[in-house]
Structure formats: C-alpha cells, structure tokens
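Enquirer: Quick one, structure for this:
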Amino acid sequence: MAREGITFEMVAAAADALVGEGGQPTIRAVRERLGTGSPNTVHRHLTAWREARPVAAAAAPELPVVLAGAIASEIERAAAQARAEVEARLVQTQSEAAELSAAGEAIEAERDALLEQVTALTTERDQAQATATERAAEIARLVEQVEREQKATEAARVEVATARLKLEAQAERQAEQTVELERLRAALAEAQQGRIAAEQQAAVLSARFEAMTDRTTRAEQRVEGLERQLQQAGQELSSARVQVQAQQTALDGAVREIEAAKRQVEESRAQAKKAGEEAAELRGRLAAVQSGKG
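Expert: Residues are numbered from 1 along each chain as shown. All right, here's what the predicted structure looks like:
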C-alpha cells in the first residue's frame, strides 16, 4: 500500500516548534522532528510556511535627517538593486525548487508505485513459491506414483509373458498329448483288431487242437486194438501154425499198419504239442492285450 504523506500543517507545526526552541527549521530538522516525510515534500511545505510568515521590521537607529535621507536613499537604491537581484535569483531558485519538488514528488509517487508493485510482486512471488513448492511436492508424488505404476506394469508384463509362455508350453504339451492320444487310439484299435484276430486264430487252433486230440485218441485206440490183435495173433500163432502163412501176411500188414499208426500218433502228438504251444502263446498275448486295454 502507498505510504501516507505528510501535510502542510504537520510541517508548519514542526517548524514553529523549532523556531520556538531557538533552532533553525531546516529540512533535516523538520524530518527528524516528524520522524518521516520525503525531503521534497518537506521542502515544498516548508517554503509555503516561510512565505506565509510575517516579516518582522527591524528598529532603525536615529540619525540626522539629511544623513538619514542620504543613507536611506542609498540603502533603498542598493536594497532595490539587491532585492531585484535576490528576487530574480529567488524566482529562479523557487522555480528550480518547484521543478525539483515536482520531479521529486513524481519520483516519490513512482517510487511508491514501484514499492506497491514490488510488494505485490513479492506477495505473488511468495504465493508462486508456495504454489511451486506444492506443485513440486505433487510432481514428486506423481513421479513416485508413475514409477510405482511403471514397476507394476513391468511386473504385469513379466507375469503376462510368463503366463503366455506357460500357455504356449501347455498348448505344445496338449498338442503332443493329442498326437500321443491319437497314436494310442490307433494302437488300441490295432491291438483290438489283433486281439480279435488272435481270438479267431486261437479258436481255430483250439479247434484244430481238439480235432488233433480226437484223432490222437482214436489213433491210440486203434494202436491199442492192433496191439491186442497182435497179442491175440501171437497167441493164435502158437496154436495154429497151420495158419502161419495166412496169418503172416495179415501180421505183416498189421505190423505195417501199426508202424503207420505209430508214425501217425507221433505226428499227431507233435502237432498237438505245437498247437498247444501256439494256443498258450495266443492266450498269453490275449491276456496282455486285455490287460493293456483295462
């Protein structure tokens, strides 16, 4: 705010007080008395105070009339000349002082305006500094928050990348498992077909084994019958040598038939053994296939 200026009355009172105390009412004395006021303003009011004061007339000494008249004339002339010079100088001085006073007041007004601007700018600066401090704190908080968000985002990116890799690996495993499942299904279908074929072959071999077993049984029965016949023929040979010739022929035929039957029995036994081994092998394969299916 603008500084409150001093008034003429304040300057006049201070000058009167100084004169009453026997002092000189100079600009510095008036300012010291008032404790304030610019030199220009004090000078302007002090000049007005001096112009408004009555001039006291000095008591002239008593002189002869002629001398007094001559002295008075000379004094008047000299005084008039001096007064003219003084008045001219005074007018010039007053003019210069007025100009200086006006310039000083303008400078003071400008100074006051500048002081107001400085005060306003200082206030604005303080407010700006406070605002800047608050904004700096807010910026620091936002920067910290952005850094936290960036760290969280980076962590999320890493998690997403890890999850994506896991998903890709899982997809690859699923693809491999799908391929393996298809292979196992194909192997299962092939095993089922093999089992069916093995069951069919086992049934055929079982039937062949049963047929061979039946043929072997019948062949053994024939061999036993022929042996009995041979024993009976031997017994009859001792009692009926007469019939040796005829029986010899029959005996030879029987022997040949026995040998053939024995060979047939051996072959049947070998075939039956082989069929039994093949049936056992097929049963083992069938059991393994059924165990793998389960």
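Enquirer: roughly how far apart are Gln177 and Glu199?
Expert: Distance from Gln177 to Glu199, counting by Cβ to Cβ, to the nearest Å: 31 Å. All C-beta atoms are positioned from the backbone trio N, CA, C, and that covers glycine.
Enquirer: again but with Arg208, I slipped
Expert: Distance from Arg208 to Glu199, by Cβ to Cβ: 15 Å.
Enquirer: picking that back up, pick out whichever of Gln177 and Glu199 has more residues nearby.
Expert: The residue with more neighbours, out of Gln177 and Glu199, is Glu199; 16 against 12, by other Cβ atoms under 10 Å.
Enquirer: The more buried one contacts Leu286, correct?
Expert: Yes - between Glu199 and Leu286 there is a contact at 6.4 Å, judged by Cβ atoms under 8 Å.
Enquirer: which residue ranges form the strands in the stretch 101-250 of the chain?
Expert: Along the stretch 101-250 of the chain, counting by DSSP state E, counting those that start in this stretch, no stretch forms strands.
Enquirer: Please compute how far the host helix or strand of Gln271 lies from its chain's middle.
Expert: Using DSSP states H and E, the element containing Gln271 is helix 244-293. Centroid displacement of helix 244-293 relative to its chain, using Cα atoms, centre = their mean, to the nearest Å, is 87 Å.
Enquirer: Please work out the average pLDDT along it.
Expert: Mean pLDDT, computed over helix 244-293, is 84.
Enquirer: Does anything pack onto that helix? Which helices or strands?
Expert: Applying 3 or more Cβ pairs under 8 Å, 6 or more residues apart in numbering; DSSP states H and E, one finds that helix 244-293 makes contact with helix 65-239.
Enquirer: ok, so what distance separates Glu138 from Glu144?
Expert: Distance from Glu138 to Glu144, counting by Cβ to Cβ: 11 Å.
Enquirer: gap between Ala161 and Ala261?
Expert: 86 Å.
Enquirer: more neighbours, these two?
Expert: Ala261 (20 against 10).
Enquirer: from memory that one sits against Arg222, does it?
Expert: Yes - using Cβ under 8 Å as the test, Ala261 is close enough to Arg222 to be in contact (5.5 Å).
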